[in-house]
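[1] when you get a sec, could you give me coordinates for this:
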Amino acid sequence: MKRIRLIIDEGSATYNMAIDEAMLILRGLGVINDTLRLYIFKPSAVTIGYFQSVSRSVNLDFIKKNNIELVRRPTGGGAVYHDSEGEITYSIVVSANSWLLYTSPSPRDLSTARMPSSA
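    All right, here's what the predicted structure looks like:
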């Protein structure tokens with residue numbers, strides 16, 4: 001059975017994004033094993049996707065006025081508010097071969113699946 005490392009963590013937005021990026025790089029180099037990381041942003045923060053425009057994605061006046069940290073993720077996607085009191089975030093880094101192993105159905109899954117017959 002394939003094993004995956006689990007990390008449970010918390011930290012600032014800058015810290016969390018730095019750890020995610022480091023895990024991605026280190027897994028790509030084969031330095032670390034497949035890893036699932038569950039974490040909390042403390043304090044609450046906003047992250048934006050790699051390709052997003054800051055000025056088009058968030059209300060900068062509100063962010064500054066309310067002292068909310070803003071950081072860019074090493075991945076794509078939209079702007080996300082991470083609430084330190086009600087959210088758990090995750091990241092997963094795996095090799096391409098492992099991803100297929102984790103996401104492919106097992107023979108048991110296939111034998112119990114109800115597949116409609118084609119006519």
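
[2] looking at it, Arg37 is touching Arg27, isn't it?
    No - here Arg37 does not reach Arg27: they are 11.2 Å apart, not a contact under C-beta atoms under 8 Å. C-beta here means a position set from N, CA and C on the backbone, and glycine is covered the same way.

[3] what about the strands in this structure?
    Assigned by DSSP state E, the chain shows strands spanning 5-11, 35-41, 45-48, 69-72, 80-82, 89-93.

[4] most packed of the ones you listed?
    Stretch with highest mean neighbour count among the strands of the chain: strand 45-48 (a mean of 22; mean count of other C-beta atoms under 10 Å).

[5] does anything pack onto that one? Which helices or strands?
    Applying 3 or more C-beta pairs under 8 Å, 6 or more residues apart in numbering; DSSP states H and E, we find strand 45-48 packed against helix 13-28, strand 69-72, strand 80-82.

[6] how about 10 Å then?
    Here strand 45-48 touches helix 13-28, helix 54-57, helix 60-65, strand 69-72, strand 80-82, going by 3 or more C-beta pairs under 10 Å, 6 or more residues apart in numbering; DSSP states H and E.

[7] please point out which parts of the first one sit buried.
    The reference is to helix 13-28. Buried residues in helix 13-28, defined by neighbour count with 16 or more other C-beta atoms under 10 Å: 13, 16-17, 19-20, 23-24, 27.

[8] could you do the second one as well?
    Within helix 54-57, no residue counts as buried by 16+ other C-beta under 10 Å.

[9] what's opposite the residue nearest the centre of the chain in the beta bridge?
    Closest to where the C-alpha atoms of the chain average out (C-alpha atoms, centre = their mean) is Ser91, at 3.1 Å. Counting by DSSP bridges, Ser91 is bridged to Arg37.

[10] that one reaches Ala18, doesn't it?
    No - applying C-beta atoms under 10 Å, one finds Ser91 not in contact with Ala18, separated by 11.8 Å.

[11] who touches both of those two?
    Pro74 (C-beta atoms under 10 Å, 6 or more residues apart in numbering).

[12] related to what we said a few turns ago, shared neighbours of Arg37 and Arg27, anything?
    92-93.

[13] perfect, I'm done here.
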